[in-house]
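Asks: coordinates only, sequence not included:
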């Protein structure tokens, strides 16, 4: 009974937000200054071509009807057709999505592998030099955008050392630099969170009791404090996993990585608005979905939430 | 930490000063010089020259102006608009408040700068559209902050007294609520300034920002990324400039938070 009580309202509110996001994305086409058909076809298109495109996009219908048609198409998984290649938007997105998901997951792993130990190390040495270094890394990691970090890594590891290819997605080695670039910011956030959460539980009675029993400092940290510090960290982590999808747009452009982000930027340059709408919608919906899942997971992990209700 | 924060303030002041005097300095950011293409830094051009032989240093200074101009415009607009909306919703409560919260949730459903990319992509490039795209996304944080604080302040004694004395709501909000909001808002604004500098450069990097030949740090990075092997200074110079400004703004935000918002968790 309890899980169901929890799941239904969460899913309902996620669905409402998704509907709103879809409507916002629908409105994007109407924000194009001037006539979108003119912008898409250029100056040399004939009147017949314009009328044909206008009818195909449904732009001759009243706005409400266009909106309903957009949502109805969305429900069927029909996002229209690319004006550039003639492929369906759905097929284009399907072709590019795996690469983005792979990049986001790899970046997530990088963040975990770097952020957690660094945060623990900083907490263990709180107030000392190592803590200061970790804190400096965190500020730098959060301040360096991927389009600065990416080229810097390329100069060092691709151009100078030749350890990794400079772009594209030919081999497993191509994944390393994009994943590090995308994951480093999250690693910094994670290190900060882990440190704060660990220090937060340092003075709880159970930690003091463990210390009083003569348990070593590292064991106290790992065995007793870590479990209780995990909750806030897991939350932040989940919310940031979704954010990686947004960051992927820029990172993919830096590394010529064939994902949804690259598709989006190319579509913007070609004024291929149906593809722009589809790509934005896909990324936003994934973000909403991941966040809803994380909230449910959090409620399941923390007996204090939902249990009493 | 104190030294780091002083250094951060110094870095920010240097960039601000350079941006302010950029138009008066004898710089030629758009002077093409084909024999000097991709030249490494030398005595005449301290920071080297780009793929058209233009002086990177001059373009960097001009780019600082673009970056800071966009940041100041966006942060000013979003602070005013977001705060006004948040104050109104928090004070009125009820349906207005619920509606505003749903709208902000919609905007927050787009991760990172995705919505700004989409807006800038649809509106087309140019300084005005960049400000519009970043402003359309940036007000949300201020609105939510102002709303939450107003809700908390609404029942304070001094507000209740003002109410009992018959002061009109607008006066109460402006004189008795807004001043108490100033601290958290200033902290938020400094982080928003850092985020806006990054976002503007990001849009320019994607080709959605100010248009050539006007230099922007983002478009300098994008052009430079094509010559990584032969002229790494084209990426290093704007990259480090951007990093220095963003780190400085974030450190100042931390310092302001420690000073103005004593309840906030101290992470240092």
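Replies: It's in. Bear in mind the structure is a predicted one, so any value in this text is a computation, not a measurement.

Asks: remind me, longest helix of the chain?
Replies: No chain in the question, so chain A it is. helix A:89-124 (DSSP state H).

Asks: my question was about chain B
Replies: Chain B, longest helix under DSSP H: helix B:56-92.

Asks: Is any residue of it near chain A?
Replies: No. Applying CB under 8 Å from any CB of the partner chain, one finds helix B:56-92 separated from chain A by no less than 12.4 Å. For every residue, glycine as well, the C-beta is placed using N, CA and C.

Asks: and the gap between residue B:62 and chain A?
Replies: 19 Å (CB to the nearest CB, to the nearest Å).

Asks: quick one: contacts for that residue?
Replies: B:22, B:27, B:29, B:214-215 (CB atoms under 8 Å, 6 or more residues apart in numbering or on different chains).

Asks: what packs against the longest helix of chain A?
Replies: helix A:129-143, helix A:173-201, helix A:226-255, helix A:260-269, helix A:273-301 (3 or more CB pairs under 8 Å, 6 or more residues apart in numbering or on different chains; DSSP states H and E).

Asks: Next, format those helices as a markdown table and append mean neighbour count and mean pLDDT.
Replies: Listed next are these as a markdown table, based on neighbours: other CB atoms under 10 Å in any protein chain shown; pLDDT from 0 to 100:
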| stretch | mean neighbour count | mean pLDDT |
| --- | --- | --- |
| helix A:129-143 | 18 | 84 |
| helix A:173-201 | 23 | 88 |
| helix A:226-255 | 22 | 81 |
| helix A:260-269 | 23 | 93 |
| helix A:273-301 | 21 | 87 |
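
Asks: Make CSV out of those helices and add distance to residue A:213.
Replies: As requested, the helices and strands packed on helix A:89-124 are arranged in CSV below (distance: least, CB to CB, whole Å):
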stretch, distance to residue A:213
helix A:129-143, 26
helix A:173-201, 17
helix A:226-255, 17
helix A:260-269, 52
helix A:273-301, 27
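
Asks: what's the closest of these to residue A:167?
Replies: helix A:226-255 (5.2 Å; CB to CB).

Asks: The helices and strands packed on helix A:89-124 into JSON lines, with extra columns for distance to chain B?
Replies: Converted to JSON lines, these look like this (distance: least, CB to the nearest CB, whole Å):
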{"stretch": "helix A:129-143", "distance to chain B": "4"}
{"stretch": "helix A:173-201", "distance to chain B": "6"}
{"stretch": "helix A:226-255", "distance to chain B": "3"}
{"stretch": "helix A:260-269", "distance to chain B": "4"}
{"stretch": "helix A:273-301", "distance to chain B": "4"}
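
Asks: What parts of the stretch 51-200 of chain B come near chain A?
Replies: Close to chain A, as judged by CB under 8 Å from any CB, the stretch 51-200 of chain B has residues B:102, B:105-106, B:109-115, B:117-119, B:121-124, B:194, B:198.

Asks: hmm, try it at 6 Å
Replies: B:105-106, B:109-112, B:114, B:118, B:121-122, B:198 (CB under 6 Å from any CB of the partner chain).

Asks: Can you tell me whether I have it right that residue A:84 is in a helix?
Replies: No. Assignment of residue A:84 by DSSP: H, G, I helix; E, B strand; the rest coil gives coil, placing it outside any helix.

Asks: Please give me every residue in contact with it.
Replies: Going by CB atoms under 6 Å, 6 or more residues apart in numbering or on different chains, residue A:84 touches A:270, A:272.

Asks: and it, how far is that from chain B?
Replies: 14 Å.

Asks: Of the residues of the stretch 51-200 of chain B next to chain A, which is the nearest to residue B:65?
Replies: residue B:198 (16.9 Å).

Asks: In the stretch 151-268 of chain B, where is pLDDT below threshold?
Replies: B:261-268 (pLDDT under 70).

Asks: re earlier: quick check: what element follows the longest helix of chain B along the chain?
Replies: helix B:94-108 (DSSP states H and E).

Asks: Buried ones in that next one, by neighbour count?
Replies: Neighbour counts using 16 or more other CB atoms under 10 Å in any protein chain shown place B:97, B:100, B:103-108 of helix B:94-108 among the buried residues.

Asks: next one: stretch B:162-173
Replies: B:162, B:172-173.

Asks: can you check stretch B:150-162 too?
Replies: So for stretch B:150-162, counting by 16+ other CB under 10 Å, buried means B:150, B:153-154, B:159, B:162.

Asks: same check, this time on stretch A:101-118
Replies: A:102-104, A:106-108, A:110-111, A:114-116, A:118.

Asks: Adding pLDDT and distance to residue A:244, write those residues out as TSV.
Replies: Formatted as TSV, the buried residues of stretch A:101-118 follow (pLDDT from 0 to 100; distance: CB to CB, whole Å):
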residue	pLDDT	distance to residue A:244
A:102	92	12
A:103	93	8
A:104	91	4
A:106	93	10
A:107	93	5
A:108	92	6
A:110	93	10
A:111	92	8
A:114	92	14
A:115	90	13
A:116	89	16
A:118	90	18
